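> Predicted model and sequence follow; I will ask about them next.
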Amino acid sequence: MNQQILTYVLLGALAIALVVAAATDLKSRTISNRLNLVIALGAPLFWWANGISPLPGIALQLAVAAVTFGVCCLFFALRQMGGGDVKLLTALALWMPPANFLSLVVITAMLGWVLTLVMGAWAVAHSRAAGTRPLRDTGWLIAFTLVAANFASAVLGGPRLTLPPALLDQASGGGMAMLIIALLPVMLLAAVTLASIRIIRRHGQQMRVPYGVAISMAGLSIIVGSTVLPAAGA
């Protein structure tokens, strides 16, 4: 089989595996070890099809995967990631060139953040905790989710809200005004995140967020998005 054709076949198989991973994680909050193993074992075929040399190519892929596994294990110990999520992200590190994998991590973080807020709003809306106001808190979480979604869209190159012209005019003048306006998004995001955590904890919600969905969606966006595919074709 032509190596270029094999590359596309392997990427198609990876895309299917990611869809399966997202579906199973959404349904049962688990990603099977067998599926993660299949994804990892497909990487050497992908390396061969793309003519990646042992040094530095394959060695770099293995190093990135090892660092990814170590960092994810820390999050697993802090109960911020599931075991299946750790293995899936590590397996994808074997496939993606470092630059593309960094993009995958950023996309995963953005999608995971929005997904957490969406699930938090859903859980709070169905909360029965004494002394709380589910309707009011759900409204706040929906508003926070829209803020997070707009920020994620802006970071990922999608639609975004622009600053009012008056603020832009003040920023163009430089000085303290420009610094304050530049820090506004950071301060807003910090406030949104902290307020969301406080609301969710107030209702005593212990959510199991399917981060495998975010990881899979990020992987699919890299595959179909003019990064891995054009490089593989070339």
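Cool, the structure landed. Keep in mind the model is a prediction, meaning the values are calculated, not measured.
> Please name the residues that touch residue 17.
By C-beta atoms under 8 Å, 6 or more residues apart in numbering, residue 17 lies in contact with 35, 38-39, 42. C-beta here means a position set from N, CA and C on the backbone, and glycine is covered the same way.
> do you know how far it is from residue 154?
Taking C-beta to C-beta, to the nearest Å as the measure, residue 17 falls 30 Å from residue 154.
> Then residue 188?
Residue 188 sits 12 Å away from residue 154, going by C-beta to C-beta.
> And residue 146, by the same measure?
As judged by C-beta to C-beta, residue 146 and residue 154 stand 13 Å apart.
> Tell me, what's the model's pLDDT at residue 90?
Note for residue 90: predicted pLDDT of 95.
> where's it, which helix or strand?
Residue 90 is part of helix 83-95, with elements assigned from DSSP states H and E.
> which is the next helix or strand following that helix?
Past helix 83-95, the next helix or strand by DSSP H and E is helix 98-125.
> other SSEs contacting that following helix?
Under the contact criterion of 3 or more C-beta pairs under 8 Å, 6 or more residues apart in numbering; DSSP states H and E, helix 98-125 touches helix 59-77, helix 83-95, helix 134-155, helix 175-202, helix 211-224.
> got the angle for the third one vs helix 98-125?
Read it as helix 134-155. For helix 134-155 against helix 98-125, the angle by axes from the mean of the first three to the mean of the last three C-alpha atoms, to 10 degrees is 170 degrees.
> Contacts for helix 134-155, please.
Contacts with helix 134-155, where a contact means C-beta under 8 Å, 6+ apart, come from 106, 110-111, 113-114, 117-118, 120-121, 124-127, 159-161, 185, 188-189, 192, 195-196, 199-200, 202-203.
> Please save the CA atoms from it in CSV.
The C-alpha trace of helix 134-155 is given here as CSV (Å, rounded to 0.1, in the frame of the first residue of the first chain):
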residue,chain,number,x,y,z
PRO,A,134,-30.9,26.4,42.3
LEU,A,135,-32.7,28.7,39.8
ARG,A,136,-30.6,31.7,40.5
ASP,A,137,-27.3,29.8,40.7
THR,A,138,-28.1,28.0,37.4
GLY,A,139,-28.6,31.4,35.8
TRP,A,140,-25.2,32.6,37.0
LEU,A,141,-23.6,29.4,35.7
ILE,A,142,-25.2,29.8,32.3
ALA,A,143,-23.9,33.3,32.1
PHE,A,144,-20.4,32.1,33.2
THR,A,145,-20.5,29.4,30.6
LEU,A,146,-21.3,31.9,27.8
VAL,A,147,-18.3,34.0,29.0
ALA,A,148,-16.0,30.9,28.9
ALA,A,149,-17.4,29.8,25.5
ASN,A,150,-16.6,33.3,24.0
PHE,A,151,-13.1,33.2,25.4
ALA,A,152,-12.5,29.7,24.2
SER,A,153,-13.9,30.7,20.7
ALA,A,154,-11.5,33.7,20.6
VAL,A,155,-8.5,31.6,21.6
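> List the buried residues for it?
137-138, 140-141, 144-145, 147-152 (16 or more other C-beta atoms under 10 Å).
> neighbours around residue 120, how many?
Using other C-beta atoms under 10 Å, residue 120 is surrounded by 24 other residues.
> Find the nearest non-adjacent residue to it, please.
Distances taken as C-beta to C-beta, 6 or more residues apart in numbering place residue 200 nearest to residue 120, at 4.6 Å, with adjacent residues excluded.
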